[in-house]
Each structure stands twice: as structure tokens, then as C-alpha cells.
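Q: fold the following, please.
(2 chains)
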Amino acid sequence: NAGVMQNPRHLVRRRGQEARLRCSPMKGHSHVYWYRQLPEEGLKFMVYLQKENIIDESGMPKERFSAEFPKEGPSILRIQQVVRGDSAAYFCASSPRLGVAAYNEQFFGPGTRLTVL
Amino acid sequence: KQEVTQIPAALSVPEGENLVLNCSFTDSAIYNLQWFRQDPGKGLTSLLLIQSSQREQTSGRLNASLDKSSGRSTLYIAASQPGDSATYLCAVRGAAGAGSYQLTFGKGTKLSVIP
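A: Numbers count the residues shown, from 1 in each chain, chains lettered A, B, ... in the order given. Sure, this is the predicted structure:
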């Protein structure tokens, strides 16, 4: 059973370009979470999605950032017009839909390390 | 707003020692608490998950305890090995409203086990 998959593992963009980060949850998982880890900082929650629905985006910056989890295919975190401050590790996690969602463990992917030049 | 603090920020011990990592959180209304391990440049590996109704969980040489009322958790590592060297993260899942969807992380304790 493959774990959470993220690609690319490393991404380099120049200021002003777009970055697309992909996350495939574990098989059978329908809940996806995105977190960001800035240098020397802890992981911060960004957004929680279920298939075709954004449930909680309270941690997403108001501009340039968007996320989706379509009916088919991976979840995508999109950053438009990247700036140097967006350089960070972006982690995706998934959890199953079993009973009360909040009790379920989150399983993390290896992360995408974004560098903005 | 939930805040998670981990002490110490870094710890260096000789191989074979038993050690304790500490985690504290400000809001005791939580669903669960997870301990993770993060190796440099890598993702997070879940070590132990403690539900709010539980007091402790054990896996091999690891034992995690939870005192929800005082907002504290400890991770005990027995007979430490050089392979245990990593950053250990504590995260809580809030029980109130939107906070129940997200994990709130501490900044971690960087552990070095010296052969």
C-alpha cells in the first residue's frame, strides 16, 4: 500500500512564475491537508479538502494561493506569481473517512521543497 | 489560539541513555496528539497517536504520555541509538470548530545520539 505521494520533490521557480504542487493521498483516503514549513519554523496548516470541496482554508494566504482536490486525480496546491518568501517545504497529509474524521491519524508525504530564485 | 511548545529545542545524549522530550499546549480541548519524527530533508513519520481519552501509548522503545488537563505530553525513548537522531515533532488536533481539522505543531526537538 503506497503512502502519500508528492511531486515534484524539489521545485525551483523564478520570481513571478507559477508553482504547482501535487499530492496523491493514500489509497482509500478521501481527506487531504496541506501544511507549509518555512525555514526554522514549525509546520503550519494551510488547507483541508475533501473530494471537490474545500472544507477549511483558514491557513491559506489570501492572495496567490489556491488548492483543489478534483473528483479524479491528485490534489493540487497552486502558487501564482511566486516570491522569495514562498520558499519552503510544502507537505501534504491524508486521512481516511472513518467515523469521526477528527480522530483519524494524518499520514504525511515526503514534501515538496520549493525554492524561489 | 492553540500554541504548542517543545522543550528542549536541541538535545545531545550518549548512546544507550534513556531520554524524555517534552511538549506543552495551551488549549486542553483536543481530539488527539501525535508525535512525529522528521529526518533532514525528509517527510514526517508518525510515531505515536494518543487520543484525548488515553493516557499513554507505547511502540517498541517509545512511550508517549498525555496529561490533557495540564496541557502536557512527554515522549520517552529508552536505550537511545544513533539511528534515533532526528527532529521530533509534537502536534495536537483541536476539538473546537474549524481547529478540529488541522494539526498544530511545535517547532520540534532536534535529537543527536552520540555513538
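Q: what parts of chain B come near chain A?
A: When proximity is defined by Cβ under 8 Å from any Cβ of the partner chain, chain B lies next to chain A at B:4, B:31-32, B:34, B:36, B:41-46, B:49, B:51, B:89, B:91, B:93, B:95, B:98, B:100-108. To be clear about C-beta, it is placed using only N, CA and C from the backbone, and glycine gets the same treatment.
Q: looking at those, which are in strands?
A: Counting by DSSP state E, the part of these found in strands is B:4, B:31-32, B:34, B:36, B:44-46, B:49, B:51, B:89, B:91, B:93, B:103-105.
Q: ChimeraX command for the buried members of those?
A: The ChimeraX command for the buried members of those (criterion: 16 or more other Cβ atoms under 10 Å in any protein chain shown) is given here:
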select /B:4,31,32,34,36,44,46,49,89,91,93,103,104,105
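Q: now for the ones in strands among the residues of chain B next to chain A: which two are most distant?
A: Farthest pair in those (Cβ to Cβ) is B:Tyr31 and B:Thr45. Separation: 20.7 Å.
Q: who's B:Gln57 bridged to?
A: B:Ala64 (DSSP bridges).
Q: quick one: contacts for the residue most central in space within chain A?
A: Central residue of chain A (Cα atoms, centre = their mean): A:Trp34, 3.2 Å from the mean position. Going by Cβ atoms under 8 Å, 6 or more residues apart in numbering or on different chains, A:Trp34 touches A:Cys23, A:Phe45, A:Met46, A:Val47, A:Leu49, A:Ala67, A:Ser75, A:Leu77, A:Tyr90, A:Phe91, A:Cys92, A:Ala93.
Q: residue contacts, the third one?
A: When you say that, I think you mean A:Met46. A:Tyr33, A:Trp34, A:Tyr35, A:Arg36, A:Glu57, A:Gly59, A:Met60, A:Phe65, A:Ala67, A:Leu77.
Q: mind checking which helix or strand it is in?
A: Taking DSSP states H and E as the definition, one finds A:Met46 inside strand A:43-50.
Q: pairing partners for that strand, with directions?
A: Paired neighbours of strand A:43-50 in the sheet (DSSP bridges): strand A:29-37 (antiparallel), strand A:53-56 (antiparallel).
Q: in that strand, what counts as buried?
A: Buried-residue list, strand A:43-50, by 16+ other Cβ under 10 Å: A:Leu43, A:Lys44, A:Phe45, A:Met46, A:Val47, A:Tyr48, A:Leu49.
Q: what bridges to the nearest residue in space to the second one that is not next to it in sequence?
A: If I follow you right, that is A:Lys44. Counting by Cβ to Cβ, 6 or more residues apart in numbering or on different chains, A:Lys44 lies nearest to A:Arg36, which is 5.4 Å off, once chain neighbours are set aside. On the basis of DSSP bridges, A:Arg36 is bridged to A:Lys44, A:Tyr90.
Q: which pLDDT value belongs to A:Arg36?
A: pLDDT, A:Arg36: 97.
Q: residues in chain A within reach of chain B, list them.
A: Applying Cβ under 8 Å from any Cβ, we find that chain A lies next to chain B at A:33, A:35, A:41-45, A:48, A:55-56, A:58-59, A:91, A:93, A:101-103, A:105-111, A:113.
Q: cheers, nothing more for now.
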